[in-house]
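Peer 1: Requesting a structural model of the entry that follows:
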Amino acid sequence: MKKAKVLATFLVALITVTALSTVCFAAGSADVAGAITSTWDGMKGQIKTIVNDVVFPILDGVLGILLIVFITKSAISYKRNGEFDIIAPAVCLGGLLFVLTAPLYIWNIIPW
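Peer 2: Below you'll find the predicted structure:
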């Protein structure tokens, strides 16, 4: 119980510091919009790097595993019933191709 209170207090303090740090950054010029814009411009490169190097590979791995599972399920269904369900593997393959090629064009769609 004590750990939960300490953790809750820490999280509230962290959120407060995060919310007020932009205002403190703009204190010298009183230009909050400029401070937010400069902070956002500084974060854009980091966001791109994280999305390209972490998020897309994780999605690729998950979709690759799902594709293998769906193909296996379709093959088992074909052996049992003689019916081959192509919809689930095709949708998963389409999603995998979309996510594999997304880093090439996604940053042109999002105006960064």
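Peer 1: residue ranges of the helices in the chain, please?
Peer 2: 2-25, 32-50, 56-81, 87-109 (DSSP state H).
Peer 1: Compile these into a markdown table and extend it with columns for mean pLDDT and mean neighbour count.
Peer 2: For every residue, glycine as well, the C-beta is placed using N, CA and C. Output for the helices of the chain, formatted as a markdown table (pLDDT from 0 to 100; neighbours: other CB atoms under 10 Å):
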| stretch | mean pLDDT | mean neighbour count |
| --- | --- | --- |
| helix 2-25 | 79 | 10 |
| helix 32-50 | 87 | 12 |
| helix 56-81 | 95 | 13 |
| helix 87-109 | 94 | 14 |
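Peer 1: how close does L20 sit to V32?
Peer 2: Distance from L20 to V32, counting by CB to CB, to the nearest Å: 11 Å.
Peer 1: what do you get for I65?
Peer 2: Relative to V32, and taking CB to CB, I65 is found at 45 Å.
Peer 1: same deal with G61?
Peer 2: Distance from G61 to V32, by CB to CB: 41 Å.
Peer 1: ok, W107 - contacts?
Peer 2: Applying CB atoms under 8 Å, 6 or more residues apart in numbering to W107 gives the contacts K48.
Peer 1: now swap in F70 and tell me
Peer 2: 88-89, 92.
Peer 1: List just the nearest of these to S77.
Peer 2: Distance to S77 across the contacts of F70 (CB to CB) is lowest for A88, with 10.1 Å.
Peer 1: Which residue, other than its chain neighbours, is closest to the closest one?
Peer 2: Counting by CB to CB, 6 or more residues apart in numbering, the nearest residue to A88 once its immediate chain neighbours are dropped is F70, at 4.5 Å.
Peer 1: Relative to G45, how far out is the spatially most central residue of the chain?
Peer 2: Computing the C-alpha centroid of the chain and ranking residues by CA atoms, centre = their mean puts V55 first, at 4.9 Å. As judged by CB to CB, V55 and G45 stand 15 Å apart.
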